[in-house]
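Enquirer: no sequence on this one, just coordinates:
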């Protein structure tokens, strides 16, 4: 079997690692990734030593059955295993794992440093078109990471080409142009904003920063020391049987009675997928509409060191958090104007900025006209967007579903594209579970037999 992996970030490295570890009988694997250094992607490709992981080292191993492998690699023992290490070190760990996998692989591995522009169905498999031509494969894994977010409707036409407006803070070369005293307005107050605050400080920026989001909520902070605990019986019962509204009431009661709500949410983590899987479509919509902002800020927390940076900037008056809805982002002579409606107000207000950064986090929706690769899959009827705009429709075996709800044999997805299937599909512990299950399914396909059911593996916690 000839397999293509589209994408070269963590999801792709994790899939390749499992293919090697499980000795999947493949002829070859071709990885389509335009970046020269595979494995890092957007998450770990920044060269800054000060950007930290948002998860403890002890949980960042590449395999579900060896979560502590990264801490072992870093030589950490005792309490140090629970530290939040620089992302640069994690990128080095991934490169080391990749080098070893290339040595151990029993199949040929080729990195094609180009973008996959289109995928089409052909007899017995798929054809991928890129700048280097076309090639045929028996199976394809979509490991592209999260789709690019849709353009902000509030941004005036033409402004995305203005260097003062940064639409993609990770891909655009903007840091070198920032002047020390500029007023920077950041659209978003989540983890991406925290990262940009650190990057601005590293670049010598000392001017004011205003971070604006609808609710003005900052990510919560991890505890300095974890206190693992089992899931409380009342919460376990609610998880298994109660509708979403009743479950939330039980969760709130448990939080009120706990010494530290973070320990309770961490105990709930292995059960996220089971809860999401049993929610009815109406309950999922209600979760996204009413609970998602609180879930995101409490579940996806920042390292204590990052929290200290944010708090120091607030205390010194360099960072201001504003709650409000963006109405327009416009150019006005030598400044940018951010017009917004403050939360709880009927009137409007305006921020004058030297530079505006978009830091609204992941995009999840797969929509026509946004990416040639997904356009080709949509037009060919090989893919259906998730009904709630959370990646692609997929089954429990990580197979992509077509518009009629049928599994497309040989076409798989892993990583953030599976958010609609599992909700939590962006963090390392989630992706490595799917990569393990996907490799098992591909092993069955490569041997000519039906792949094993992946429901148990995909739903299991780390």
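Expert: That came in fine, so what should we check first? Source: prediction; values computed, not measured.
Enquirer: which parts of whichever strand or helix holds residue 251 are buried?
Expert: Here residue 251, judged by DSSP states H and E, is contained in helix 244-257. Neighbour-count burial for helix 244-257, with 16 or more other CB atoms under 10 Å as criterion, is recorded at 244, 247, 248, 250, 251, 254. In this view, the C-beta of every residue, glycine as well, is placed from N, C-alpha and C.
Enquirer: Please apply the same query to stretch 270-285.
Expert: Buried residues in stretch 270-285, counting neighbours by 16+ other CB under 10 Å, are found at 271, 272, 273, 275, 276, 279, 283, 284.
Enquirer: Looking at the residues you listed, which one is closest to residue 215?
Expert: Sorting those by how near they are to residue 215, with CB to CB, puts residue 284 at the top with 20.5 Å.
Enquirer: Name the residues that touch the helix or strand containing residue 71?
Expert: Secondary structure assignment for residue 71, by DSSP H and E: helix 69-73. The set of residues that contact helix 69-73 without belonging to it, under CB atoms under 8 Å, 6 or more residues apart in numbering, is 57, 58, 60, 61, 62, 63, 80, 81, 90, 93, 96.
Enquirer: Go ahead and confirm the second one touches residue 66.
Expert: Meaning residue 58. No. Judged on CB atoms under 8 Å, residue 58 makes no contact with residue 66 at a distance of 11.1 Å.
Enquirer: and these two? which has more neighbours close in?
Expert: Counting neighbours by other CB atoms under 10 Å for residue 58 and for residue 66 shows that residue 58 has the greater number, 19 against 11.
Enquirer: From residue 233, how far out is the more buried one?
Expert: As for residue 58, its distance to residue 233 is 27 Å (criterion: CB to CB, to the nearest Å).
Enquirer: related to what we said a few turns ago, mind picking the one among the contacts of helix 69-73 that's closest to residue 223?
Expert: Top of the list for closeness to residue 223, among the contacts of helix 69-73 and by CB to CB, is residue 58 at 13.7 Å.
Enquirer: That closest one belongs to a helix, doesn't it?
Expert: Yes. Per DSSP: H, G, I helix; E, B strand; the rest coil, residue 58 lies within a helix segment.
Enquirer: May I ask you to name the longest strand in the chain?
Expert: If each strand of the chain is counted by residues according to DSSP state E, the longest one is strand 319-332.
Enquirer: How about residues contacting that one?
Expert: Strand 319-332 is contacted from outside by 152, 154-156, 158-159, 162, 164-165, 187, 189, 197, 208-218, 310, 313-314, 336-343, 345, 348-349, 351, 356, using CB under 8 Å, 6+ apart.
Enquirer: And residue 441, its phi and psi?
Expert: phi -70, psi -40 (degrees, to the nearest 10).
Enquirer: and it, what pLDDT?
Expert: Among the per-residue scores, residue 441 shows a pLDDT of 92.
Enquirer: Run a quick neighbour tally on it.
Expert: As a burial measure, residue 441 scores 22 neighbours (other CB under 10 Å).
Enquirer: So residue 102, which state does it fall into?
Expert: For residue 102, the secondary-structure state derived from three-state DSSP is helix.
Enquirer: same deal with residue 79?
Expert: Assigned with three-state DSSP, residue 79 falls in the helix class.
Enquirer: domain parsing for the chain?
Expert: What automatic domain parsing lists as the domains of the chain is 2-148+363-459, 159-220+302-358, 233-299.
Enquirer: May I have the distance across the shortest one, first residue to last?
Expert: What it means is domain 233-299. Counting by CA to CA, to the nearest Å, you get 21 Å between the two ends of domain 233-299.
Enquirer: how distant is it from the center of its chain?
Expert: Distance, stretch centre to chain centre, for domain 233-299: 20 Å (CA atoms, centre = their mean, to the nearest Å).
Enquirer: just stretch 411-431 next, same as before
Expert: Taking CA atoms, centre = their mean, one finds stretch 411-431 lying 8 Å from the centre of the chain it belongs to.
Enquirer: Same question for stretch 164-177.
Expert: Distance of stretch 164-177 from the chain centroid (CA atoms, centre = their mean) equals 20 Å.
Enquirer: What residues of it count as buried?
Expert: When burial is assessed from 16+ other CB under 10 Å, stretch 164-177 yields the following buried residues: 164, 165, 166, 167, 169, 174, 175.
Enquirer: Same question for stretch 141-155.
Expert: With burial defined by 16+ other CB under 10 Å, the residues of stretch 141-155 counted as buried are 141, 142, 143, 144, 145, 146, 147, 149, 152, 154, 155.
Enquirer: Ok, stretch 194-207 next?
Expert: Going by neighbour count (16+ other CB under 10 Å), the buried part of stretch 194-207 is 194, 195, 196, 197, 198, 199, 200, 201, 205.
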